[in-house]
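Colleague: Please find the sequence and the predicted model below.
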Amino acid sequence: MTQPPSSIMGHTLRRVIFFVLVTLTTLIALGLLVSVFQPDGFSPMELLLLLLYTILFAWICISFWTAFMGFWVLLFGRDRWAISRQSPDTSPDPMAAPPRTAILMPIYNEDSERVFAGLRAIHRSLATTGQLDRFDFFILSDTRDPDVWVEEELRWQDMVRALDGKGRIFYRNRPENTSRKSGNLEDFCTRWGGRYRYMIVLDADSIMQGETLVEMVRLMELHPRVALIQTPPVPVNRESLFARILQFASSLYGRMFTAGLNYWQLGESNYWGHNAIIRIQPFLDYCGLPKLPGREPFGGEILSHDFVEAALLRRAGWEVWLAYDLVGSYEEIPPTLIDYAKRDRRWCQGNLQHLRLAFSKGLNALSRLHFLMGVMSYAASPLWLLFLIATGVEAYLQTQQELVYFFGENWQPVWPVSFAVEMTTVLLVTLTMLFLPKLLALLLLLKDRQLRRAYGGMLGATLSVLLETIFSVLTAPVLMLFQTKFVLAILMRKAVGWPPQQRGDHQTGFTEAVLAHGGHTLIGVVAGVLSYLYVPAFFWWFIPVLLGLGLAIPVSMLSSSMALGRRARQWGLFMTPEETESPTVLRDLEDGLRENEPVLPVLRETPSSRFVQVLIDPYVNALHRSLLPEREPPGKRRRHYLEGLIHQLEEEGPNSLSPTQKRELIAEPETLLRLHALFWSRPPAKMML
Amino acid sequence: MDRRPVNTLRSSLATPFGPPLLERLQAYWMALGVSDPNLALALSEQTLRRLPDFPEEGEIAARAIIAAGELLDDWLAAALGLPRPSPALTAARAALLSGIVPEWPAALFAPPGAAGIALERLRAAIAEPTPAPSPGSMPAQRIEPLWKRS
């Protein structure tokens, strides 16, 4: 199952080239900065600046050279070592039974209507390939909210009825959501993993084309040494200005970055947690996650499991690929800047934990790099902030030095040496590394007329890139402060919860914006005043950062606007291929959400509470009870506790109970039946709800 | 299991329970999908016959509602050949109440063999939330820091 030596050599050569380029560029930029500081010797502040600059510049370099390699790959055609282009390792046995694949949708308190509309769209798309019978669907619910739980059950049953999916579309809700998403998947693997050769893991907002799913299975069949193939999910479907800008950027630049990542990572790529196919047996054998010794944030449960699972598969000798050229893989992104930050808050702790994992025994070098890149995704923000502060302080210290033109007996003045050229070069190099990939992505459009049209034409795309650049400059300081706050909170062991994302489009109100960004604005104003008063020369360089912070509230509010997002679309701005010509699977999703014609009559009503409905409605009650796992009857203490909750419900109504208490009541079949009977046994006037 | 033909005459009721309870039961049977009020009343009477003559005070009505469900389960178990009690039976009750068999009393109380199609539809509508288990083990991997001696 190993690759031919020519491939191995080629792979090594690519990585050598990549890392030599990253190292050389970093050293050159560092050399320029050293030449500025060196004549007077290095002060501690200058040494700090050099250290920070080296780390941050190397980080930018990795991104730049990845994009640059992706640019060449896309310019000259496809990568010959891409997993989709490799010759098969084995010839498929035509007599063998086709592999079975489970499509997994782990969910946690999500919008059920959207989740099931997405699954139906995927199901329909898969049906058009004629290979639907090779796939089973699993809705793996970790939902804790009782209303959402009941809604999920009804939507599942409705989907089964509508698509004749009995025995193919499954649903289960875990009694305890131990180890969150990784525990959810582990539960699937250990209970039903033996039935399937592959699993395709989705996220609640994932959408995948049937052809893509079939192709993923085909590639896995052709390459038995491969344990995981990740597809690049393209963000789609959002209408707010913020999300449309991000969708455009991810789509236009993302294709270059993923091609570049594949160029140097090859079979040692990474797993992003969803829109990926996994060979179940090696996953069972090597991806059981331990609890790390010690306390959070670096100990305890492994939060960001995907990187770790990829590293463990690599450690066991399996290949992990990024199929950058597989299209038809989509996801949805947070609709507003604040929701984006909330998502960051969830991810941040898991990524920081990677700092410890990067130095674990037996890992592949690239796996260690993936971990460190994960850490840097968030650690870069406090480092940038520190760098900005140190630069400001250094600039202030420089202004405090008196210039001396005559030294000792020397009658000729010694003019101060200007390092403006070097400093400007450092700045230009940094800006080039940051912004050149955007230009390269635009240049790629010149090559392909159809693609150019899909991005709104050359003029529209250029204008969009320009506006996106301005927008990213304005929002970068805000995200820097958000992420710095998260990192510090996690390091100080302040609780970082995992609130469910608000995934649907919605607008940021003034109060929400002030609460989220008031501090940013204040910091911007104070930093602006201080720098203007004490380091005026620095103030002008600092303007982009100050503007971003000062305008955080209006930018956050305006960018959350769906009206502005739609208007921009009318003007042909931030267009993506998926918007220009929507793929069938996305159109099906949109139609499903718009029409929403359930088969089950009970779903046509919109009760005030599904929790109340499950107590009252005989059908909903029976369905819910039939889906509860078999378990031992509750003990005496537990019965007393539930009895107390029943009394509370009777006397004070459902609103007096917390979601957890409501869940406890409906998670126990006997209690649920009793509540149902209690409701129906009362005369209407005395009904408890 | 009481599968005697349902007597729709209220006068046949010979239990110590009063009209309010009977009305509640009737309403419940109608919520279960029995559209004929007389039949619902007769089923209520039959339900009450299942209760002990001197039930405990307090939750008599609730006990009667549960008994109505048990009566339904008895018929379902007999019609579909399902063990009682069983998760499959609860699922069958859910399927029946989902409206998949309109006017289900006609199907359940029909002579054996007369309601084949309706029962087949019911059987097909019984939810199958998860497949049969095919378990595998997933041992926790060792992740140790580089500096730890093995």
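Modeller: Nice, thanks for sending it over. Numbers count the residues shown, from 1 in each chain, chains lettered A, B, ... in the order given.
Colleague: For the helix ranked longest in chain B, which residues meet the burial criterion?
Modeller: If you go by DSSP state H, chain B has its longest helix at helix B:60-80. By neighbour count with 16 or more other Cβ atoms under 10 Å in any protein chain shown, helix B:60-80 contains the buried residues B:61-69, B:71-77, B:79-80. Quick note: C-beta positions are derived from backbone N, CA and C, even for glycine.
Colleague: mind listing what the nearest residue to residue A:336 once chain neighbours are set aside touches?
Modeller: Closest residue to residue A:336 apart from its sequence neighbours, by Cβ to Cβ, 6 or more residues apart in numbering or on different chains: residue A:560 at 4.0 Å. Neighbouring residues of residue A:560 by Cβ atoms under 8 Å, 6 or more residues apart in numbering or on different chains: A:240, A:241, A:242, A:335, A:336, A:337, A:338, A:506, A:507, A:508.
Colleague: can you redo those residues as a markdown table with neighbour count?
Modeller: Shown next, in a markdown table, are the contacts of residue A:560 (neighbours: other Cβ atoms under 10 Å in any protein chain shown):
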| residue | neighbour count |
| --- | --- |
| A:240 | 28 |
| A:241 | 27 |
| A:242 | 28 |
| A:335 | 29 |
| A:336 | 26 |
| A:337 | 26 |
| A:338 | 22 |
| A:506 | 14 |
| A:507 | 15 |
| A:508 | 23 |
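Colleague: Next step: the residues you listed restricted to helices.
Modeller: In helices, defined here by DSSP H, the members of the contacts of residue A:560 are A:241, A:242, A:337, A:338.
Colleague: I'd say the third one and residue A:477 touch.
Modeller: By that I understand residue A:337. No - the pair residue A:337 / residue A:477 is not scored as a contact, 11.9 Å apart, by Cβ atoms under 8 Å.
Colleague: Could I get the full set of helices for the stretch 501-650 of chain A?
Modeller: A:510-534, A:536-550, A:552-559, A:562-570, A:577-580, A:584-595, A:601-604, A:610-616, A:618-627, A:636-652 (DSSP state H, counting those that start in this stretch).
Colleague: if we compare those, which one ends up closest to chain B?
Modeller: helix A:618-627 (3.8 Å; Cβ to the nearest Cβ).
Colleague: Distance check, residue B:23 against chain A.
Modeller: For residue B:23, the distance to chain A (Cβ to the nearest Cβ, to the nearest Å) stands at 8 Å.
Colleague: okay, now that residue: neighbour count?
Modeller: Residue B:23 is flanked by 14 other residues according to other Cβ atoms under 10 Å in any protein chain shown.
Colleague: and it, what pLDDT?
Modeller: The per-residue pLDDT reported for residue B:23 equals 88.
Colleague: Tell me the spacing between it and residue B:97.
Modeller: In this structure, residue B:23 and residue B:97 are 21 Å apart, going by Cβ to Cβ, to the nearest Å.
Colleague: same check, this time on residue A:456
Modeller: In this view, residue A:456 and residue B:97 are 53 Å apart by Cβ to Cβ.
Colleague: do residue A:65 as well
Modeller: Applying Cβ to Cβ, the value for residue A:65 to residue B:97 is 63 Å.
Colleague: okay, now residue A:644: neighbour count?
Modeller: Residue A:644: 11 surrounding residues under other Cβ under 10 Å.
Colleague: Revised request: answer the last question for residue A:529.
Modeller: 12.
Colleague: before we move on, what about residue B:113?
Modeller: Quick note: residue B:113 (other Cβ under 10 Å) scores 7 neighbours.
Colleague: now residue A:215
Modeller: 20.
Colleague: Which residue, other than its chain neighbours, is closest to it?
Modeller: Spatially, and ignoring its direct neighbours in sequence, residue A:215 is nearest to residue A:326 (6.4 Å; Cβ to Cβ, 6+ apart).
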